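Here is a sequence with its predicted model. Questions after.
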Amino acid sequence: MAAKGSEVEAAERRIQSVQLRAAGLSYRQIGAQLGVSHEQARQDVLAGLKAAHQELAEHAEELIALQWERLESTVAGLVAMLKDKGLKPAERQGAIDTLRKVSESQRKLRGLDQPEKRELSGPGGRPLQVELTDAELDAEISRLEKAVRGDVEGEGAEESPEPPAAMGSEAS
C-alpha cells in the first residue's frame, strides 16, 4: 500500500511542479518549495507536461472520432435524400452542395488536404542554380503552366524546349 501512496504523492508533486513552473519559478525554487532536488523538480515538470500532453491527445482523438461519426451520419442522410426520386431539382442541388461541404470537412478532419512540402535542389543536394534571363524565365513558366493544365499534347506533338542547362545540370 505504501507504493500506492507514493505514486499518488509523486503524481500530486508533478502537478504542483508544473503549476509552479508555469508561475515562473526556477527548478531550484520548485525543488526547495516541494522538498526535492532541482533535478527531481525538473523531471517532475517534464513528466507532468508529458502526462498532460498524452491526456490532451486522448481527448483530441475522442473528439475527432465523435466528429467523424457525426459527419458520417450526415453523409448517410444526404445519400438517402439523393436517392429519393421525388426530390425537386433545387433540393437535390442543395443536398449535393451540402454533401460536398461535408466531404471537405472529412478531408480536413483527417488531414488529407495538407499541402505537400517539396524541396528542390541541384546536383548532390546543393542549392539549385538558376541563371535565366527574364524572357527565358517567362517562357519556362509558360511551358510549365501548360504542362500542368494538360495543354501539352501526346507523344506525336512538338516537343517542349529543353530547360536551359543552368537549371541544375551544371555545378556552379
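Received, thanks.

Let me see the mean pLDDT of the lengthiest helix in the chain.
If each helix of the chain is counted by residues according to DSSP state H, the longest one is helix 38-83. In this model, helix 38-83 has an average pLDDT of 93.

what distance separates that helix from the middle of the whole chain?
On the basis of CA atoms, centre = their mean, to the nearest Å, helix 38-83 sits 14 Å off its chain's mean C-alpha point.

again, but for stretch 137-145
Taking CA atoms, centre = their mean, one finds stretch 137-145 lying 31 Å from the centre of the chain it belongs to.

Can you tell me how far the nearest residue to Arg92 once chain neighbours are set aside is from Ala60?
With CB to CB, 6 or more residues apart in numbering as the measure, Leu82 is the residue that lies nearest to Arg92, at 6.6 Å, once sequence neighbours are left out. In short, each C-beta sits where N, CA and C put it, glycine included. If you measure Leu82 against Ala60 using CB to CB, to the nearest Å, the figure is 32 Å.

Who has more neighbours out of those two?
Between Leu82 and Ala60, counted using other CB atoms under 10 Å, Leu82 has the larger neighbour count: 13 against 10.

after the longest helix of the chain comes which helix or strand?
helix 89-110 (DSSP states H and E).

what packs against whichever helix or strand comes after that following helix?
Using DSSP H and E, the helix or strand that follows helix 89-110 in sequence is helix 134-149. Under the contact criterion of 3 or more CB pairs under 8 Å, 6 or more residues apart in numbering; DSSP states H and E, helix 134-149 touches no helix or strand at all.

Quick check: buried residues in helix 134-149?
For helix 134-149, burial by neighbour count (16 or more other CB atoms under 10 Å) applies to Glu136, Glu140.

Can you show me the CA trace of that helix as CSV?
As requested, C-alpha coordinates have been extracted for helix 134-149 and formatted as CSV (Å, rounded to 0.1, in the frame of the first residue of the first chain):
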residue,chain,number,x,y,z
ASP,A,134,13.6,37.4,-67.8
ALA,A,135,12.4,36.2,-71.2
GLU,A,136,13.7,32.7,-70.7
LEU,A,137,12.1,32.6,-67.2
ASP,A,138,8.7,33.7,-68.7
ALA,A,139,8.9,31.1,-71.4
GLU,A,140,9.8,28.4,-68.9
ILE,A,141,6.9,29.4,-66.6
SER,A,142,4.5,29.4,-69.6
ARG,A,143,5.7,25.9,-70.6
LEU,A,144,5.3,24.5,-67.1
GLU,A,145,1.8,26.1,-66.7
LYS,A,146,0.7,24.5,-70.0
ALA,A,147,2.1,21.1,-68.9
VAL,A,148,0.2,21.4,-65.6
ARG,A,149,-3.0,22.3,-67.3
